[in-house]
Structure formats: C-alpha cells, structure tokens
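Okay, here's the prediction I keep looking at, along with the sequence it came from:
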Amino acid sequence: MRRSGAILRDCLLYLADKVKPGVSTKKLDEFAYNYITSHDSKPSFLGYGGFPGTICASIDEVVVHGFPSARRLKEGEILSLDCGLIYQGWQADAARTLAVGEISEEKRRLVEVTKQSFFEGVKQFKAGGRLGDISHAVQTYCESRGYGVVRSMVGHGIGREMHEDPSVPNFGKAGHGPKLEVGMVLAIEPMINMGTWQTLEDGWKCETLDGKPSAHYENTVALTERGAEILTL
C-alpha cells in the first residue's frame, strides 16, 4: 500500500500542474488514466458501479463524484480531484482541491481549512482511541471557523477493496465508535462547504444545497507501530 500510495501521490502532483483555465476535465481524466496505467497500476474508479472516469472532477458547488466532461475550467473556480488506483491488488485513494488560476480569498480560505481539518483528524488516529475522535476533530475544527461539514458522504476503510469497513464520518462524538488498532488503513476525507452542510444528491453527483462552493481533501492513512503514516503524501 505504500507503493500504491506513492504512485497516486505523484499522479495527483502531475495533474495539479495541468489544472488551468481552458483545460477540460475530460483531458485531465485522460492524463490520469495514462499516468496510472503507465505505472503498472489500474484506475479503481473507472467502471466502479458504472462510474465513467478515472477521476472525479467536482467544480465549485459540486461536493464529490463530478463526471469528467468536455466542460472547460474557468478562472476563479476551484476543482476537487478525487482519484484511486490499484497496484498489485492494493488500493490507494486521495483527493485535492485546486485553484483554477486566481481565486477569491473566500475560496482560498475554504481550501486551506479543509486541508488542515484532515491533519487535525490524523492527530487523533492513534492506537487505543476511537474512530469518533477523528470525526470530532474534523467537525469542531471546521464548524468553529463557520463552515458546514457534509453528512451525506464519508470516508472509509481501504485495503484490497476501495471501500471497506469502517465508515469514517467527518462529524461525531469523541470517544465513540470502533476502537482504533495498529494495522488499520483509512481513507480520511473531509468534505467541507462554505455555507450549509446540507447537500442535494442526484445519482452520482452531490452538490451543496445553497449552491456555495465545497472543498475536499483526502489521503490514505495507515496506523503503524510508530503512529499514523500518510501513504499518499
């Protein structure tokens, strides 16, 4: 899983350099597919439940699961890229929210808070703790700064399969939930809205109820004897 995580990390860095006004999300999807397959790996999203792309490309108010398309990115938008791959039977899953050209200070702050909330959660990924410790840390960090924490979509365990138990909400009570143990690997992924936490779902796509932007930051994280190890950074 370290190797699968490293390939995905480098794929996302490669894609980040391609994100600019005028580029279509379909072209980014092609870049991702070519990168992954050229590194002896398989895209885990492509065909998963009928999903049509290698990446989820979610713009502004789209929280997650945006389909790659011919739509071209515009200056000032934020793009959440979510991607997964399989290397020798082992999964990795990660997401980044990226600026398209120059973005507003409001959007920049949303992206930064979302990213930092992930690290606040990882601080609680400790043997002997509870899953709710992670969830609570993400929620309190974001809500104390005025943001909405998505309830309809959550993180997950990961290993041979992309989605494994347990589910990893970004909200909850500290001290509750499954016990955290060495050997666990989780996809921890805050999805944070500029406005309300409420969302609208229409098949695959998930959008904010109020139409305000949303950001997403995810990594695959293993709990080792030495503590939490982020495999996709």
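Structure received. None of these values were measured; they are calculated from a predicted model.

lowest average confidence, helix or strand, in this protein?
strand 199-202 (a mean of 91; mean pLDDT, DSSP states H and E).

Would you tell me what the next helix or strand after it is?
strand 205-208 (DSSP states H and E).

partners of that following strand, with directions?
If you go by DSSP bridges, strand 205-208 pairs up with strand 62-64 (antiparallel), strand 199-202 (antiparallel).

Beyond it, next helix or strand please.
Once strand 205-208 ends, the next helix or strand along the chain (criterion: DSSP H and E) is strand 214-216.

got the contact list for that next one?
58, 60-64, 78, 80, 82, 95-97, 110-111, 113-115, 150, 189-194, 207-208 (Cβ atoms under 8 Å, 6 or more residues apart in numbering). All C-beta atoms are positioned from the backbone trio N, CA, C, and that covers glycine.

Could you find the closest non-adjacent residue to Glu75?
Closest residue in space to Glu75, ignoring its immediate chain neighbours: Gly101 at 4.0 Å, by Cβ to Cβ, 6 or more residues apart in numbering.

so which helix or strand takes in that neighbour?
Counting by DSSP H and E, Gly101 is found in no helix or strand.

OK, contacts around it?
When contacts are counted by Cβ under 8 Å, 6+ apart, Gly101 is found next to 20-21, 75-76.

how far away is it from Lys20?
Using Cβ to Cβ, to the nearest Å, we find Gly101 at a distance of 7 Å from Lys20.

Quick one: neighbours of Ala127, just the number.
Neighbours of Ala127 under the rule other Cβ atoms under 10 Å: 15.

Residues contacting the longest helix seen in the chain, please?
Ranked by number of residues, the top helix in the chain under DSSP state H is helix 105-122. For helix 105-122, contacts defined as Cβ under 8 Å, 6+ apart pick out 76, 78, 97, 99, 134-135, 137-138, 141-142, 145, 147, 170, 188-192, 194, 213-219, 221, 228, 230.

Quick one: work out the angle between the next helix or strand after that helix and helix 105-122.
Remark: after helix 105-122, the chain's next helix or strand is helix 131-143, criterion DSSP H and E. Angle, helix 131-143 to helix 105-122, by axes from the mean of the first three to the mean of the last three Cα atoms, to 10 degrees: 160 degrees.

outside of helix 131-143, which residues touch it?
Contact partners of helix 131-143, identified using Cβ under 8 Å, 6+ apart, comprise 113-114, 116-118, 120-126, 148-149, 166, 168-180, 186, 188, 190, 192.

Many thanks, I have nothing further to ask.
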